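Participant: Output the structure for:
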Amino acid sequence: MRAIVYREYGPPEVLKLEEMEKPKPADSEVLIRVRAAGVNPLDWHFMRGLPYLVRIIAGLRKPKDIRFGVDVAGEVEVVGSTVEELKVGDAVFGTCRGAFAEFACAAESKLARKPENVSFEEAAAVPIAALTALQSLRDKGQIRAGQKVMINGAAGGVGTFGVQIAKSFGAEVTGVCSTKNVEMVRSIGADRVFDYTREDLTKSGERWDVILDCVSNHSPGEYTRCMSKEGRYVRAGRVDGGGRWMMGAMKDGLVGSAASMLGSRKFLSIFARANQKDLETLGELLKAEKVKPVIDRCYGLQEVPEAIRYVEQLHVRGKVVVRI
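Facilitator: Reported below is the predicted structural model:
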């Protein structure tokens, strides 16, 4: 089979398309014929090995696992001996290791069946970004119907899902994005849209019950000005890679933790975890057309380096997908 691999950390040029042996699923896994794979900021952090904390997981000097890619959608080819629910021929989506390949293995616990009204490309755009939005709003934000919710970075991968998921909970949603994305964010359900190039949301005088921050361009202190008395702030911001970001994140984390302990407002962070139950929840939202992935561009398998390069520029509208 053909697969994208990397044997060293660095720019997109370290990604190579090679012939590999088709993987064999473990007892609790299935082998997937990959039809599409989603591209995430997570991918380029692993590619570059930045921030350096990534290397504790991926390998200190070079990648321990040369396979690449996480978000996957495709058809089940082989099932492991202890797999209970999935069967050969099922169309599925979820997470795995080595999604940028013609075949990949994934644990049954990190997959769900793909709704029939959703394409493989759309399904591949969902897992990491939509799980982050769902778990941020539902679990950390404790979102409730009628609340005022603000999504900062509403035009990105997590943000576009955040707007739609918040609306599915019955919230009043404000999206924050640049001028060129205002109409798109409004079209996916935002009740109001702030253009951050023209106004500073933290100085608007408005207050929100839940804030999902996907860009981390304001400090916790600044956000306090626009939170309700018992408001919840959830940070799901991008990791820009260097020590400067790490120091800023640590500082903001300490300030946020102190604020959470001393006051009624809560400052939280999120690291999404893939699980079948939440993927099935997302599948139900997709089937009901309450959530529809926004896809910026599609690339071919041989174009993965270019796809990663585009995502690194941090101007993606929604998601980038690799069609296989």
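
Participant: So which residues of the stretch 151-300 of the chain form strands?
Facilitator: In the stretch 151-300 of the chain, the strands defined using DSSP state E, counting those that start in this stretch lie at 172-177, 192-195, 208-213, 227-235, 266-269, 295-300.

Participant: what inclination does the longest one have with respect to strand 208-213?
Facilitator: By that I understand strand 227-235. Orientation check (axes from the mean of the first three to the mean of the last three CA atoms, to 10 degrees): strand 227-235 against strand 208-213 gives 20 degrees.

Participant: Show me what strand 227-235 is in contact with.
Facilitator: 136-137, 140-142, 148, 207-213, 216, 220, 223, 252, 256, 264-270 (CB atoms under 8 Å, 6 or more residues apart in numbering). To be clear about C-beta, it is placed using only N, CA and C from the backbone, and glycine gets the same treatment.

Participant: how about the strands of the stretch 151-300 of the chain in TSV, adding distance to L17, mean pLDDT and mean neighbour count?
Facilitator: Listed next are the strands of the stretch 151-300 of the chain as TSV, based on distance: least, CB to CB, whole Å; pLDDT from 0 to 100; neighbours: other CB atoms under 10 Å:
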stretch	distance to L17	mean pLDDT	mean neighbour count
strand 172-177	34	98	26
strand 192-195	40	97	18
strand 208-213	36	98	27
strand 227-235	36	96	20
strand 266-269	35	94	20
strand 295-300	10	98	17
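
Participant: Tabulate those strands (a markdown table), appending distance to G98.
Facilitator: Putting the strands of the stretch 151-300 of the chain into a markdown table (distance: least, CB to CB, whole Å) gives the following:
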| stretch | distance to G98 |
| --- | --- |
| strand 172-177 | 33 |
| strand 192-195 | 38 |
| strand 208-213 | 30 |
| strand 227-235 | 29 |
| strand 266-269 | 28 |
| strand 295-300 | 17 |
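
Participant: Would you tell me which of those strands gets closest to P25?
Facilitator: strand 295-300 (25.6 Å; CB to CB).

Participant: G10: how many residues sit nearby?
Facilitator: Neighbour count for G10, taken as other CB atoms under 10 Å: 11.

Participant: Using the three-state scheme, assign Q302.
Facilitator: helix (DSSP: H, G, I helix; E, B strand; the rest coil).

Participant: Would you check how far apart it and F100 are?
Facilitator: Computed with CB to CB, to the nearest Å, the distance linking Q302 and F100 is 10 Å.

Participant: Which one's more surrounded, these two?
Facilitator: When Q302 and F100 are compared for neighbours, F100 comes out ahead with 29 against 11, by other CB under 10 Å.
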